[in-house]
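In: Coordinates for the following, if possible.
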Amino acid sequence: MICIKITTFGRYFKNKNRMKKLWLILLIVICMSVQSFSQDNPFFKNWETYFGVPPFNEIKIEHFWPAFQAGMAEEKAQIWDIIRNFEAPTFENTIVAMDKTGDLLRKVTPVFSGLTSVNNNPELQLLARRILPAMSQHRDDIGLNPELFKRVKAVYDRKDRLNLNIEEAKLLENTYKRFVRGGANLPSDQQDRLREINSELAALQLSFSQNLLAETAAYWLAESDKMKLTGLTEAMLVEARSRAQKRNDADAYHFGLDNPSIMPFLENADNREMRAELLNAYLMRCNHNNAQDNKENIKKIVTLRLERAKLMGFDNFAQMAIEERMSKDLETVMTFLNKLWIPSINMAKSELNDIEKVMRKSNIAMPSTSADWRYFFNKAKQQKYNFNQEEIRPYFQLEKVREGIFYVCNRLWGISFEELKNMPLPHPEATVWECKDKDGSTLGLVYLDMHARPGMKNGGAWCGSYRSQVFNDGKRVVPIMTIACNFTRPSGDKPALLTTDEANTFFHEFGHGLDGLFRATKYYGTSSNQRDFVEFASQIMEHWAFEPEVLKVYAKHYKTGATIPTSFIKKIAQNELYGQGFITTEFLAAALLDMEYHLLKEIPQDFEIEKFEKSVLDKYGLIAQIPPRYRSAYFSHTFSGGYSAGYYMYIWAEQLDSDAFEAFLEKKNIFDPELANKLRYEIFARGGIEDAMNLYKNFRGREPDVNALLRNRGLEK
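Out: Numbers count the residues shown, from 1 in each chain. Below is the predicted model of the structure:
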């Protein structure tokens, strides 16, 4: 392999001869690299697969690094080509040309990212620690290039005279602001420091996520005495025995820290001590002062983020992060969160009273603890509404829920889905579906990967893409979406039977998928929504999940095929509202914790993560029985994901999706075709072409009614 280190090119444009020389060297490097790797590296070939999906069966770990190297070299060459264009900067030869760079990186990056999320291993983790710093430097080499920025600014300064359409104007604005927010206006010494910060943050955030993956997989609660596991259903025990057998502990039952294992245990296990032990292990992840401890990572991350924000002229990181979002400013966000906190914590306290009544009747020693909440809340719910999740689960077979999602999509937009067989897969458990529009044309492909694989697959649920939608020479390039979840597995002779929460999550993630499938933007740079609008598409899909008209179509008993009874539908509706105090409070506690980290204007040398976390939760009056949805040491959304100073985005978007769904209810038709088309073409299809509020007003005819969120959660009173 030929490897030539390409020095930061932005500093070498003081004379044109040097530029031409480096340009020739770079071309030689690219040619030699491609010749060296093209024979067996699939990233250097055209993918002759169906719709050009990644040939996962051909891709090996050793293919990634050469592809990233060549991809970075290719994009730098493309950028140099823009800079060395001696014609005056124009929208086409600078802004559009930049949007088209990085073809090879757009090919390899989503595949690498996808595989490290669903099929990770130590070799990939090691490689990620090599790739991320290199990519951080590569992005900075482009974003901090003074000659390139000079061209971008020259076009931006003439924006009012260019007669651009809405999307072109947005691409220009996004491009210019990306440079400015990336430090292009900083003096050179501060740019050098910014490079160091970005590189360090990339490494720290990766370390955080890898620690969490390892820590979650490393722990399990083992129990051989079945008598200590009363309260658990036979299906739960079968799954726990299967986990134990995989670890060569055939006579035991194993319970892990992934949601399909821990949540049913906390809700159903009679053994209070074991519930406490398992929950404590969950809450203490990456907080054991060992190699996977994340506290020092967090301290460094918040310190570096604050330093970066101050370099950019902001008082704190939250201020910088929110500036470009739909919410616009810190005061708006904090006022919004505090408005929700009071009714939520009050309702949670009311729910706690119900729980403790049940505990007293059962002669359980007080006080109640966080390990009691889910278990006794389950009991209280059964007494109050005769709701039993295990009684309802047989109507939520995974495949039937999927059919329900397809039904909703077909009723709203006339689209259909067909499973594709014999396709290359990122993991053997994945499936692939082709989405066709009502005219028969292909909208895109969707990979579905539904079950947990602790240690190999990230926790939670998410939607990504292996290829984004764009137009190439006037022709729409279809997107390739991927949806990954950590749902309950089949157990014995039973298929995978989902909880109502898991069914809701499936609808949620598919909403993200639809957002990508319906996208019809011309440029990569106008594809993405503002960050706090991203969850709108996913959360509006949740509203159809438990509508009676929809349930009667897909909620069929997995054995008998019987339609879910009306009495069960009523119970589900009651269940969706009862417990919102706990659900909203634990969410808000995490959102406020995230914000408080990023509101800091100074980080003291003796900054202690656990003390800070406790001080924040005490400040807001969180009751002891409710831990935040995420404690600091495993709060991946904010410390390794895309939700830094932004976990609030979910509930921010809920004010929009709640109000939007009320539009369907006002029409007395949840499948109203006019509204469905407006949702698709005014919001989903337009991506980031306009500011999110404009998109929403185009759909609704007005700004959202914030009280719709309170009505949706039963918090209005």
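In: Mind checking what helix or strand follows the longest strand anywhere in the chain in sequence?
Out: Looking only at the chain and at elements set by DSSP state E, the strand with the highest residue count is strand 442-451. Sequence-wise, the next helix or strand beyond strand 442-451 is strand 462-467, with elements assigned using DSSP states H and E.
In: quick one, what contacts E58?
Out: Contacts for E58 (CB atoms under 8 Å, 6 or more residues apart in numbering) come out as 42, 424. Where C-beta positions appear, they are placed from N, C-alpha and C, glycine not excepted.
In: where's it relative to D40, distance?
Out: Between E58 and D40 the computed distance is 9 Å (CB to CB, to the nearest Å).
In: all strands of the stretch 51-200 of the chain, in order?
Out: If DSSP state E, counting those that start in this stretch is used as the criterion, the stretch 51-200 of the chain turns out to lack strands entirely.
In: pLDDT score assigned to the most centrally placed residue in the chain?
Out: Closest residue to the average C-alpha location of the chain: W462 at 4.8 Å, with CA atoms, centre = their mean. You'll see W462 listed with a pLDDT of 96.
In: do the one 4 residues further on as well
Out: Y466 is assigned 97 on the pLDDT scale.
In: What is the neighbour count of it?
Out: By the criterion of other CB atoms under 10 Å, Y466 has 21 neighbours.
In: check which helix or strand covers E239.
Out: The secondary structure element spanning E239 is helix 234-246 (assigned by DSSP H and E).
In: For that helix, the averaged confidence score.
Out: Regarding helix 234-246, the rounded mean pLDDT is 93.
In: who's in contact with that helix?
Out: For helix 234-246, the surrounding residues in contact (CB under 8 Å, 6+ apart) are 220, 222, 226, 229, 232, 250-256, 260-261, 264-265, 268, 488-489, 491-492, 494, 497.
In: Give me the buried positions along stretch 694-706.
Out: Within stretch 694-706, the residues scored as buried using 16 or more other CB atoms under 10 Å are 695-696, 699-700, 704.
In: and if you look at stretch 597-617?
Out: If you call a residue buried by 16+ other CB under 10 Å, then stretch 597-617 has these buried ones: 597-600, 603, 609, 612-613, 616-617.
In: Next, the distance between the ends of that stretch.
Out: 12 Å (CA to CA, to the nearest Å).
In: My guess is Q397 contacts A496. True?
Out: Yes. In terms of CB atoms under 8 Å, Q397 counts as a neighbour of A496; the distance is 6.9 Å.
In: more neighbours, those two?
Out: Taking neighbours as other CB under 10 Å, Q397 and A496 compare with Q397 leading, 23 against 20.
In: any chance of the buried residues of stretch 597-617 in TSV, with secondary structure and pLDDT too?
Out: Listed next are those as TSV, based on DSSP: H, G, I helix; E, B strand; the rest coil; pLDDT from 0 to 100:
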residue	secondary structure	pLDDT
Y597	helix	98
H598	helix	98
L599	helix	98
L600	coil	98
I603	coil	95
I609	helix	97
F612	helix	98
E613	helix	98
V616	helix	97
L617	helix	97
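In: Report the two of these separated the most.
Out: Of all pairs drawn from the buried residues of stretch 597-617, the widest gap by CB to CB lies between I603 and L617 and measures 19.1 Å.
In: what is the mean pLDDT for stretch 74-83?
Out: On average, stretch 74-83 scores 97.
In: Would you mind listing the buried residues in it?
Out: Neighbour-count burial for stretch 74-83, with 16+ other CB under 10 Å as criterion, is recorded at 74-80, 82-83.
In: F536: which of those is nearest?
Out: Here the nearest of those to F536, counting by CB to CB, is E75; it sits at 31.6 Å.
In: distance of the nearest residue to that closest one once chain neighbours are set aside from F91?
Out: Ranked by CB to CB, 6 or more residues apart in numbering and with sequence neighbours excluded, the top spatial neighbour of E75 is G102, at 4.3 Å. In this structure, G102 lies at 19 Å from F91, with CB to CB as the measure.
In: Can you flag which of the contacts of helix 234-246 belong to helices?
Out: With DSSP state H as the criterion, helices contain 260-261, 264-265, 268 from among those.
In: Which one of those residues is nearest to K475?
Out: Within the ones in helices among the contacts of helix 234-246, distances to K475 taken as CB to CB reach their minimum at P260, with 41.9 Å.
In: where's the closest one relative to I345, distance?
Out: According to CB to CB, P260 and I345 sit 29 Å apart.
In: cool, L186 as well?
Out: Distance of L186 to I345, given as CB to CB: 43 Å.
In: go on, L105?
Out: When CB to CB is applied, the distance between L105 and I345 equals 46 Å.
In: Same check on E610?
Out: For E610, the distance to I345 (CB to CB) stands at 22 Å.
In: can you list the weak-confidence ranges in this structure?
Out: For the chain, the stretches with pLDDT under 70 are 1-39, 717.
In: Tell me where it has strands.
Out: 221-223, 253-255, 416-420, 431-436, 442-451, 462-467, 470-472, 475-477, 480-487.
In: follow-up on the earlier one: for L186 and I345, work out which one has more neighbours and name it.
Out: Shown here are L186 and I345; by other CB under 10 Å, I345 has more neighbours (20 against 17).
In: picking that back up, how about the buried residues of stretch 74-83, which pair is most distant?
Out: Within those, E74 and I83 form the most distant pair, 15.2 Å apart (CB to CB).
In: now the strands of the chain as TSV including distance to G579?
Out: Output for the strands of the chain, formatted as TSV (distance: least, CB to CB, whole Å):
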stretch	distance to G579
strand 221-223	25
strand 253-255	23
strand 416-420	33
strand 431-436	32
strand 442-451	25
strand 462-467	24
strand 470-472	42
strand 475-477	43
strand 480-487	20
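In: Which of these sits closest to T303?
Out: If we rank the strands of the chain by CB to CB, the stretch that ends up nearest is strand 462-467, at 27.7 Å.
In: So what are the sheet partners of that closest one and their directions?
Out: Sheet pairing here is set by DSSP bridges, and for strand 462-467 it gives strand 480-487 (antiparallel).
In: Would you mind confirming that Y630 is in contact with A591?
Out: No. With contacts counted by CB under 8 Å, Y630 stays clear of A591, the gap being 9.5 Å.
In: Mutual contacts of these two, please.
Out: Contact with both Y630 and A591 is made by residues Y647, according to CB under 8 Å, 6+ apart.
In: Give me the more crowded residue out of these two.
Out: Shown here are Y630 and A591; by other CB under 10 Å, A591 has more neighbours (29 against 21).
In: Pull up the gap between the more buried one and W80, please.
Out: The separation that A591 has from W80, given CB to CB, amounts to 43 Å.
In: Over to F112?
Out: Separation of F112 from W80 (CB to CB): 25 Å.
In: before we move on, the earlier item: buried sites along the helix holding E239?
Out: Buried residues in helix 234-246, counted by 16+ other CB under 10 Å: 235-236, 238-241, 243-244.
In: Among those, find me the one that's closest to L213.
Out: Nearest to L213 among those, counting by CB to CB, is R243 at 17.3 Å.
In: how close does the closest one sit to T638?
Out: Taking CB to CB as the measure, R243 and T638 are separated by 30 Å.
In: Just give the closest residue to K159, not the sequence neighbours.
Out: By the measure of CB to CB, 6+ apart, the closest residue to K159 outside its immediate chain neighbours is L172, 5.8 Å from it.
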